[in-house]
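1. Sequence first, then the predicted structure, then my questions.
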Amino acid sequence: MTEHSHGGWATAPVQTRSERFASTAHDEFPEVTGREAIWKFSPVDRLRGLIDGELDGSPYAVLYPEAAGTTVEWVDRSHELVGTAGTPEDRAAANAWTSFEKALHIRLDGEAETLTVTRTGLGDAPRAAHTLITAAAGATGLIVLDSQGDARLTENLEIVLEADANITVVSVQEWDDTALHLASQFARIGHGATLTHIIVSLGGSVVRVNPSAHLAEEGAEAELYGVYFADAGQHLEQQVYVHHDAPHTRSRVTYKGALNGEGAHTVWIGDVLIGRDATGTDTYEQNRNLVLSDGTRADSIPNLEIETGDIEGAGHASATGRFDDEQLFYLQARGIPEDEARRLVVLGFLSEIVQKIGEPVLEARLHEALEAELQAAR
(Lines give C-alpha, C1' and ligand atoms only; values in the text may rest on other atoms or scores of the structure.)
Protein backbone atom coordinates (compact mmCIF):
# COMPACT_ATOMS: atom_id res chain seq x y z
CA MET A 1 0.00 0.00 0.00
CA THR A 2 1.51 3.32 -1.06
CA GLU A 3 0.07 6.80 -0.80
CA HIS A 4 -0.61 8.66 -4.04
CA SER A 5 0.47 12.28 -4.54
CA HIS A 6 -3.13 13.47 -4.20
CA GLY A 7 -3.31 12.04 -0.70
CA GLY A 8 -5.51 9.02 -1.40
CA TRP A 9 -4.60 5.40 -0.88
CA ALA A 10 -4.47 2.56 -3.36
CA THR A 11 -7.05 0.20 -1.94
CA ALA A 12 -7.04 -2.39 -4.73
CA PRO A 13 -4.80 -3.36 -7.64
CA VAL A 14 -5.84 -2.86 -11.23
CA GLN A 15 -7.96 -5.88 -12.14
CA THR A 16 -6.65 -8.15 -14.86
CA ARG A 17 -9.33 -9.34 -17.25
CA SER A 18 -9.16 -12.95 -16.04
CA GLU A 19 -9.93 -11.86 -12.46
CA ARG A 20 -13.33 -10.37 -13.23
CA PHE A 21 -15.94 -11.65 -10.79
CA ALA A 22 -17.93 -14.64 -12.05
CA SER A 23 -20.78 -16.63 -10.55
CA THR A 24 -23.78 -18.70 -11.60
CA ALA A 25 -25.87 -17.13 -8.82
CA HIS A 26 -27.82 -13.99 -9.70
CA ASP A 27 -27.92 -12.65 -6.14
CA GLU A 28 -24.13 -12.74 -5.79
CA PHE A 29 -23.81 -9.85 -8.24
CA PRO A 30 -24.41 -6.28 -7.08
CA GLU A 31 -27.37 -4.42 -8.52
CA VAL A 32 -26.70 -2.85 -11.92
CA THR A 33 -26.63 0.94 -11.91
CA GLY A 34 -25.47 1.51 -15.48
CA ARG A 35 -22.21 3.05 -14.32
CA GLU A 36 -20.29 -0.23 -14.32
CA ALA A 37 -17.63 -0.74 -17.00
CA ILE A 38 -19.52 -3.67 -18.54
CA TRP A 39 -22.89 -1.86 -18.53
CA LYS A 40 -22.05 1.81 -19.11
CA PHE A 41 -22.75 1.69 -22.85
CA SER A 42 -25.96 -0.36 -22.54
CA PRO A 43 -29.53 0.98 -22.18
CA VAL A 44 -29.93 -0.61 -18.76
CA ASP A 45 -33.40 0.79 -18.07
CA ARG A 46 -34.77 -1.03 -21.11
CA LEU A 47 -33.25 -4.29 -19.88
CA ARG A 48 -34.27 -4.37 -16.19
CA GLY A 49 -36.73 -7.20 -16.72
CA LEU A 50 -34.00 -9.45 -18.09
CA ILE A 51 -31.36 -8.41 -15.56
CA ASP A 52 -33.49 -8.78 -12.42
CA GLY A 53 -36.95 -10.01 -13.36
CA GLU A 54 -38.45 -13.46 -13.07
CA LEU A 55 -37.67 -15.56 -16.15
CA ASP A 56 -39.39 -18.52 -17.77
CA GLY A 57 -36.63 -21.13 -18.01
CA SER A 58 -38.65 -23.98 -19.51
CA PRO A 59 -37.72 -25.62 -22.85
CA TYR A 60 -39.05 -23.93 -25.97
CA ALA A 61 -39.80 -25.03 -29.53
CA VAL A 62 -36.81 -25.46 -31.85
CA LEU A 63 -36.76 -26.54 -35.49
CA TYR A 64 -33.91 -28.48 -37.08
CA PRO A 65 -33.45 -31.09 -39.81
CA GLU A 66 -31.81 -34.45 -39.37
CA ALA A 67 -28.07 -34.08 -39.98
CA ALA A 68 -25.57 -36.92 -39.93
CA GLY A 69 -23.03 -36.69 -37.14
CA THR A 70 -25.20 -34.45 -34.96
CA THR A 71 -27.59 -35.04 -32.10
CA VAL A 72 -29.94 -32.50 -30.51
CA GLU A 73 -31.61 -33.09 -27.15
CA TRP A 74 -32.72 -31.36 -23.98
CA VAL A 75 -30.62 -32.28 -20.95
CA ASP A 76 -30.96 -31.51 -17.26
CA ARG A 77 -29.13 -28.53 -15.81
CA SER A 78 -27.13 -31.03 -13.75
CA HIS A 79 -25.54 -32.48 -16.91
CA GLU A 80 -21.79 -32.99 -16.39
CA LEU A 81 -20.84 -30.69 -19.29
CA VAL A 82 -22.91 -27.71 -18.15
CA GLY A 83 -20.45 -25.15 -16.81
CA THR A 84 -17.45 -26.57 -18.67
CA ALA A 85 -16.88 -23.61 -20.98
CA GLY A 86 -17.48 -20.62 -18.72
CA THR A 87 -19.25 -18.86 -15.88
CA PRO A 88 -21.44 -15.73 -16.04
CA GLU A 89 -19.64 -12.43 -15.51
CA ASP A 90 -22.70 -10.20 -15.29
CA ARG A 91 -25.98 -10.16 -13.43
CA ALA A 92 -28.17 -10.80 -16.49
CA ALA A 93 -26.24 -13.91 -17.52
CA ALA A 94 -26.39 -15.17 -13.94
CA ASN A 95 -30.15 -14.57 -13.93
CA ALA A 96 -30.44 -16.79 -16.97
CA TRP A 97 -28.20 -19.45 -15.38
CA THR A 98 -30.23 -19.42 -12.18
CA SER A 99 -33.51 -19.70 -14.08
CA PHE A 100 -33.05 -22.26 -16.87
CA GLU A 101 -34.59 -25.71 -16.36
CA LYS A 102 -33.00 -27.71 -19.19
CA ALA A 103 -30.17 -27.06 -21.65
CA LEU A 104 -30.39 -27.65 -25.38
CA HIS A 105 -27.42 -29.93 -26.13
CA ILE A 106 -26.05 -30.10 -29.68
CA ARG A 107 -23.36 -32.75 -30.17
CA LEU A 108 -21.02 -33.17 -33.17
CA ASP A 109 -19.14 -36.37 -33.96
CA GLY A 110 -16.91 -37.17 -36.94
CA GLU A 111 -17.59 -35.24 -40.15
CA ALA A 112 -20.93 -33.77 -39.20
CA GLU A 113 -23.31 -32.32 -41.75
CA THR A 114 -24.36 -28.67 -41.50
CA LEU A 115 -27.07 -28.21 -38.89
CA THR A 116 -29.35 -25.18 -38.59
CA VAL A 117 -31.32 -24.84 -35.35
CA THR A 118 -34.10 -22.26 -35.62
CA ARG A 119 -36.13 -20.70 -32.85
CA THR A 120 -38.95 -18.27 -33.49
CA GLY A 121 -42.01 -16.98 -31.73
CA LEU A 122 -40.60 -16.94 -28.21
CA GLY A 123 -43.07 -14.16 -27.43
CA ASP A 124 -42.87 -11.06 -25.27
CA ALA A 125 -42.58 -12.77 -21.86
CA PRO A 126 -39.11 -12.64 -20.23
CA ARG A 127 -37.32 -15.93 -20.81
CA ALA A 128 -34.06 -17.68 -19.91
CA ALA A 129 -32.21 -20.20 -22.06
CA HIS A 130 -29.07 -22.32 -22.01
CA THR A 131 -27.46 -24.00 -25.01
CA LEU A 132 -24.53 -26.41 -25.01
CA ILE A 133 -22.55 -27.27 -28.16
CA THR A 134 -19.92 -30.01 -27.83
CA ALA A 135 -17.55 -31.28 -30.51
CA ALA A 136 -15.91 -34.67 -30.02
CA ALA A 137 -12.20 -35.16 -30.65
CA GLY A 138 -11.49 -34.65 -34.35
CA ALA A 139 -15.07 -33.60 -35.16
CA THR A 140 -15.80 -31.15 -37.97
CA GLY A 141 -18.99 -29.30 -38.85
CA LEU A 142 -21.05 -26.13 -39.06
CA ILE A 143 -23.77 -25.19 -36.58
CA VAL A 144 -26.13 -22.26 -37.25
CA LEU A 145 -28.22 -20.89 -34.38
CA ASP A 146 -30.94 -18.87 -36.11
CA SER A 147 -33.09 -16.54 -33.98
CA GLN A 148 -36.19 -14.89 -35.44
CA GLY A 149 -39.48 -13.34 -34.35
CA ASP A 150 -40.17 -11.57 -31.07
CA ALA A 151 -38.34 -12.27 -27.80
CA ARG A 152 -37.41 -10.99 -24.35
CA LEU A 153 -34.48 -13.32 -23.82
CA THR A 154 -31.38 -13.61 -21.68
CA GLU A 155 -29.25 -16.69 -22.19
CA ASN A 156 -25.92 -18.49 -22.00
CA LEU A 157 -24.28 -20.54 -24.74
CA GLU A 158 -21.40 -22.92 -24.04
CA ILE A 159 -19.15 -24.34 -26.78
CA VAL A 160 -16.70 -27.11 -25.89
CA LEU A 161 -14.16 -28.40 -28.41
CA GLU A 162 -12.20 -31.55 -27.64
CA ALA A 163 -8.74 -32.20 -29.10
CA ASP A 164 -8.34 -31.49 -32.85
CA ALA A 165 -11.99 -30.60 -33.40
CA ASN A 166 -12.59 -28.00 -36.11
CA ILE A 167 -16.05 -26.46 -36.13
CA THR A 168 -17.87 -23.26 -37.08
CA VAL A 169 -20.66 -21.80 -34.95
CA VAL A 170 -22.81 -19.04 -36.43
CA SER A 171 -25.21 -17.08 -34.22
CA VAL A 172 -27.77 -15.10 -36.24
CA GLN A 173 -29.88 -12.45 -34.50
CA GLU A 174 -32.57 -11.45 -36.99
CA TRP A 175 -35.24 -10.66 -34.42
CA ASP A 176 -38.31 -8.49 -34.88
CA ASP A 177 -37.90 -4.76 -34.24
CA THR A 178 -39.11 -4.88 -30.62
CA ALA A 179 -37.03 -7.83 -29.39
CA LEU A 180 -34.63 -7.62 -26.42
CA HIS A 181 -31.77 -10.12 -26.30
CA LEU A 182 -28.85 -10.53 -23.91
CA ALA A 183 -26.43 -13.40 -24.54
CA SER A 184 -23.15 -14.59 -23.08
CA GLN A 185 -21.36 -17.12 -25.27
CA PHE A 186 -18.44 -19.08 -23.82
CA ALA A 187 -16.05 -21.34 -25.74
CA ARG A 188 -13.38 -23.68 -24.41
CA ILE A 189 -10.99 -24.81 -27.13
CA GLY A 190 -8.89 -27.93 -26.54
CA HIS A 191 -5.53 -29.20 -27.79
CA GLY A 192 -5.02 -28.46 -31.49
CA ALA A 193 -8.70 -27.57 -31.95
CA THR A 194 -10.03 -24.69 -34.06
CA LEU A 195 -13.22 -22.69 -33.55
CA THR A 196 -14.63 -20.28 -36.10
CA HIS A 197 -17.27 -18.19 -34.36
CA ILE A 198 -19.48 -15.73 -36.27
CA ILE A 199 -22.00 -13.25 -34.86
CA VAL A 200 -24.61 -11.70 -37.19
CA SER A 201 -26.84 -9.06 -35.56
CA LEU A 202 -29.37 -7.31 -37.77
CA GLY A 203 -32.75 -7.27 -36.01
CA GLY A 204 -34.00 -6.43 -32.54
CA SER A 205 -34.39 -3.30 -30.44
CA VAL A 206 -31.51 -4.10 -28.05
CA VAL A 207 -29.19 -7.00 -28.84
CA ARG A 208 -26.09 -7.56 -26.71
CA VAL A 209 -24.06 -10.69 -27.52
CA ASN A 210 -20.81 -11.15 -25.59
CA PRO A 211 -18.60 -14.00 -26.87
CA SER A 212 -15.52 -15.28 -25.07
CA ALA A 213 -12.97 -17.83 -26.25
CA HIS A 214 -10.67 -19.66 -23.85
CA LEU A 215 -7.70 -21.11 -25.70
CA ALA A 216 -7.09 -23.59 -22.93
CA GLU A 217 -4.65 -26.08 -24.43
CA GLU A 218 -1.59 -26.02 -26.66
CA GLY A 219 -2.17 -25.31 -30.33
CA ALA A 220 -5.76 -24.09 -29.88
CA GLU A 221 -7.01 -21.56 -32.45
CA ALA A 222 -9.99 -19.19 -32.61
CA GLU A 223 -11.29 -16.98 -35.37
CA LEU A 224 -14.04 -14.66 -34.15
CA TYR A 225 -16.02 -12.64 -36.68
CA GLY A 226 -18.98 -10.32 -36.39
CA VAL A 227 -21.19 -8.27 -38.71
CA TYR A 228 -23.98 -5.91 -37.69
CA PHE A 229 -26.21 -3.16 -39.08
CA ALA A 230 -27.88 -0.76 -36.66
CA ASP A 231 -30.71 1.48 -37.82
CA ALA A 232 -32.67 4.27 -36.09
CA GLY A 233 -33.09 3.68 -32.36
CA GLN A 234 -31.41 0.28 -32.46
CA HIS A 235 -28.70 -0.76 -29.98
CA LEU A 236 -26.32 -3.56 -31.02
CA GLU A 237 -23.49 -4.50 -28.67
CA GLN A 238 -20.65 -7.02 -28.57
CA GLN A 239 -18.09 -7.44 -25.81
CA VAL A 240 -15.48 -9.91 -27.02
CA TYR A 241 -12.93 -11.66 -24.82
CA VAL A 242 -10.10 -13.93 -25.98
CA HIS A 243 -7.98 -15.61 -23.31
CA HIS A 244 -4.72 -17.17 -24.50
CA ASP A 245 -3.95 -19.58 -21.68
CA ALA A 246 -1.65 -22.15 -23.31
CA PRO A 247 1.46 -22.17 -25.53
CA HIS A 248 1.37 -21.70 -29.29
CA THR A 249 -2.22 -20.53 -29.56
CA ARG A 250 -3.59 -18.26 -32.27
CA SER A 251 -6.58 -15.92 -32.56
CA ARG A 252 -8.03 -13.45 -35.02
CA VAL A 253 -10.94 -11.13 -34.21
CA THR A 254 -12.65 -9.10 -36.95
CA TYR A 255 -15.94 -7.27 -36.41
CA LYS A 256 -17.53 -4.94 -38.95
CA GLY A 257 -20.66 -2.84 -38.66
CA ALA A 258 -22.72 -0.11 -40.29
CA LEU A 259 -24.94 2.50 -38.68
CA ASN A 260 -27.78 4.53 -40.18
CA GLY A 261 -30.53 6.65 -38.67
CA GLU A 262 -31.09 8.82 -35.63
CA GLY A 263 -30.16 7.02 -32.42
CA ALA A 264 -28.46 4.02 -34.03
CA HIS A 265 -25.85 2.87 -31.51
CA THR A 266 -23.26 0.12 -31.72
CA VAL A 267 -20.77 -1.02 -29.09
CA TRP A 268 -17.72 -3.20 -29.57
CA ILE A 269 -15.29 -3.93 -26.75
CA GLY A 270 -12.45 -6.32 -27.52
CA ASP A 271 -10.39 -7.77 -24.67
CA VAL A 272 -7.41 -10.02 -25.39
CA LEU A 273 -5.41 -11.50 -22.52
CA ILE A 274 -2.15 -13.35 -23.14
CA GLY A 275 -1.43 -15.30 -19.99
CA ARG A 276 1.92 -16.10 -18.41
CA ASP A 277 2.00 -19.62 -19.88
CA ALA A 278 0.85 -18.59 -23.37
CA THR A 279 4.27 -18.46 -25.01
CA GLY A 280 4.29 -18.31 -28.78
CA THR A 281 0.90 -16.58 -28.94
CA ASP A 282 -0.19 -15.00 -32.23
CA THR A 283 -3.19 -12.68 -31.95
CA TYR A 284 -4.77 -9.70 -33.68
CA GLU A 285 -8.15 -7.99 -33.21
CA GLN A 286 -9.87 -5.25 -35.18
CA ASN A 287 -13.19 -3.44 -35.36
CA ARG A 288 -14.38 -1.30 -38.29
CA ASN A 289 -17.54 0.80 -38.36
CA LEU A 290 -19.09 2.57 -41.34
CA VAL A 291 -21.29 5.58 -40.52
CA LEU A 292 -24.02 6.21 -43.09
CA SER A 293 -25.88 9.16 -41.55
CA ASP A 294 -25.79 11.78 -38.82
CA GLY A 295 -27.21 11.03 -35.38
CA THR A 296 -25.42 7.70 -34.90
CA ARG A 297 -22.87 6.59 -32.31
CA ALA A 298 -20.27 3.83 -32.51
CA ASP A 299 -18.23 2.98 -29.41
CA SER A 300 -15.17 0.87 -30.20
CA ILE A 301 -12.64 -0.08 -27.52
CA PRO A 302 -9.84 -2.61 -28.12
CA ASN A 303 -7.82 -3.80 -25.11
CA LEU A 304 -4.68 -5.95 -25.07
CA GLU A 305 -3.07 -7.36 -21.93
CA ILE A 306 0.21 -9.30 -22.14
CA GLU A 307 1.73 -11.25 -19.26
CA THR A 308 4.61 -12.85 -21.14
CA GLY A 309 7.14 -11.35 -23.54
CA ASP A 310 7.69 -14.59 -25.45
CA ILE A 311 5.04 -14.22 -28.16
CA GLU A 312 4.86 -14.38 -31.95
CA GLY A 313 2.79 -11.22 -32.29
CA ALA A 314 -0.08 -9.21 -30.86
CA GLY A 315 -1.95 -6.15 -32.07
CA HIS A 316 -5.27 -4.39 -32.36
CA ALA A 317 -6.98 -1.74 -34.46
CA SER A 318 -10.19 0.26 -34.44
CA ALA A 319 -11.67 2.68 -36.97
CA THR A 320 -15.00 4.46 -37.38
CA GLY A 321 -15.73 6.72 -40.32
CA ARG A 322 -17.82 7.59 -43.35
CA PHE A 323 -17.47 6.39 -46.93
CA ASP A 324 -14.09 6.11 -48.54
CA ASP A 325 -14.26 8.93 -51.09
CA GLU A 326 -11.62 7.25 -53.26
CA GLN A 327 -13.73 4.11 -53.57
CA LEU A 328 -16.80 6.15 -54.50
CA PHE A 329 -14.81 8.19 -57.03
CA TYR A 330 -13.40 5.01 -58.58
CA LEU A 331 -16.88 3.55 -59.10
CA GLN A 332 -18.48 6.79 -60.29
CA ALA A 333 -15.63 7.35 -62.74
CA ARG A 334 -16.71 4.10 -64.38
CA GLY A 335 -20.27 5.26 -64.90
CA ILE A 336 -21.88 3.87 -61.74
CA PRO A 337 -24.43 6.29 -60.20
CA GLU A 338 -23.62 7.60 -56.73
CA ASP A 339 -26.45 5.73 -54.94
CA GLU A 340 -25.44 2.44 -56.55
CA ALA A 341 -21.77 3.12 -55.80
CA ARG A 342 -22.58 3.68 -52.13
CA ARG A 343 -24.60 0.46 -52.02
CA LEU A 344 -21.72 -1.51 -53.52
CA VAL A 345 -19.21 -0.04 -51.09
CA VAL A 346 -21.33 -0.92 -48.04
CA LEU A 347 -22.14 -4.42 -49.27
CA GLY A 348 -18.50 -5.07 -50.06
CA PHE A 349 -17.50 -3.83 -46.63
CA LEU A 350 -19.93 -6.10 -44.75
CA SER A 351 -19.92 -9.09 -47.09
CA GLU A 352 -16.36 -9.95 -46.14
CA ILE A 353 -17.72 -11.33 -42.86
CA VAL A 354 -20.84 -12.98 -44.33
CA GLN A 355 -18.67 -14.93 -46.76
CA LYS A 356 -16.85 -16.55 -43.84
CA ILE A 357 -19.97 -18.58 -43.00
CA GLY A 358 -19.58 -21.14 -45.76
CA GLU A 359 -23.28 -21.98 -46.10
CA PRO A 360 -24.61 -20.62 -49.43
CA VAL A 361 -28.32 -20.48 -48.54
CA LEU A 362 -27.73 -18.56 -45.32
CA GLU A 363 -25.20 -16.27 -46.98
CA ALA A 364 -27.72 -15.41 -49.72
CA ARG A 365 -30.41 -14.69 -47.12
CA LEU A 366 -28.11 -12.39 -45.16
CA HIS A 367 -27.06 -10.56 -48.32
CA GLU A 368 -30.75 -9.93 -49.03
CA ALA A 369 -31.25 -8.68 -45.46
CA LEU A 370 -28.33 -6.26 -45.85
CA GLU A 371 -29.76 -5.09 -49.17
CA ALA A 372 -33.07 -4.39 -47.41
CA GLU A 373 -31.29 -2.42 -44.70
CA LEU A 374 -29.60 -0.30 -47.35
CA GLN A 375 -32.85 0.27 -49.22
CA ALA A 376 -34.41 1.54 -46.00
CA ALA A 377 -31.38 3.79 -45.45
CA ARG A 378 -31.98 5.79 -48.64
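-> Thanks, I have the structure now. Numbering: from 1, shown residues only.
2. State the number of residues packed around Ser58.
-> Burial of Ser58 is recorded as 13 neighbouring residues (other CB atoms under 10 Å). From N, CA and C alone the C-beta is placed, and that goes for glycine too.
3. Name the SS class of it, please.
-> State at Ser58, reduced to three classes by DSSP: H, G, I helix; E, B strand; the rest coil: coil.
4. quick one: pLDDT of the residue nearest to Gly280 when sequence neighbours are not counted?
-> Of all residues not flanking Gly280 in the chain, His248 sits nearest, at 4.1 Å (CB to CB, 6 or more residues apart in numbering). Here, the pLDDT recorded for His248 equals 98.
5. Now do the contacts for His248.
-> By CB atoms under 8 Å, 6 or more residues apart in numbering, the contact set of His248 is Glu218, Gly219, Thr279, Gly280, Thr281.
6. export those to CSV and tack on neighbour count, pLDDT and secondary structure?
-> Formatted as CSV, those follow (neighbours: other CB atoms under 10 Å; pLDDT from 0 to 100; DSSP: H, G, I helix; E, B strand; the rest coil):
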residue, neighbour count, pLDDT, secondary structure
Glu218, 16, 98, coil
Gly219, 19, 98, coil
Thr279, 18, 98, coil
Gly280, 17, 98, coil
Thr281, 27, 98, coil
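7. Those residues: which two are farthest apart?
-> Pairwise distances across the contacts of His248 peak at 12.3 Å for Gly219 and Thr279 (criterion: CB to CB).
8. Identify the residues contacting stretch 40-52?
-> By CB under 8 Å, 6+ apart, stretch 40-52 touches 26, 31-34, 91-92, 95, 126, 152-154, 180, 182, 205-206, 208, 235, 237, 265, 267, 269, 299.
9. In helices only, show me the residues you listed.
-> Applying DSSP state H to the contacts of stretch 40-52, the entries found in helices are Arg91, Ala92, Asn95.
10. Highest neighbour count among those?
-> Ranked by neighbour count (other CB under 10 Å), the ones in helices among the contacts of stretch 40-52 have Ala92 at the top, with 29 neighbours.
11. Run a quick check on that one versus Leu182, I expect a contact.
-> Yes. Ala92 is within contact range of Leu182, at 4.8 Å (criterion: CB atoms under 8 Å).
12. what residues are shared contacts of these two?
-> Taking CB under 8 Å, 6+ apart as the criterion, Ala92 and Leu182 both touch Leu47, Leu50, Ile51, Thr154.
13. ok, Leu122 - how many residues close by?
-> Using other CB under 10 Å, Leu122 is surrounded by 21 other residues.
14. again with Glu73
-> By the measure other CB under 10 Å, the count of residues near Glu73 is 10.
15. for it, phi and psi?
-> phi -160, psi 160 (degrees, to the nearest 10).
16. For the nearest residue to it once chain neighbours are set aside, give me its contacts.
-> The shortest distance from Glu73 to any non-neighbouring residue, by CB to CB, 6+ apart, is to His105 (5.5 Å). By CB under 8 Å, 6+ apart, His105 lies in contact with Thr71, Val72, Glu73, Trp74, Val75, His79, Leu81, Thr131, Leu132, Ile133, Thr134.
17. Over to Gly86?
-> Contact analysis of Gly86 by CB under 8 Å, 6+ apart lists Ala22, Asn156, Glu158, Ser184, Phe186, Ala187, Arg188, Ser212, His214.
18. Need the buried ones from the residues you listed selected in ChimeraX.
-> Those of the contacts of Gly86 that count as buried under 16 or more other CB atoms under 10 Å are selected in ChimeraX with:
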select :156,158,184,186,187,188,212,214
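19. Might you list the low-confidence residue ranges for this protein?
-> When residues are selected by pLDDT under 70, those of the chain lie in 1-15, 323-332, 338, 377-378.
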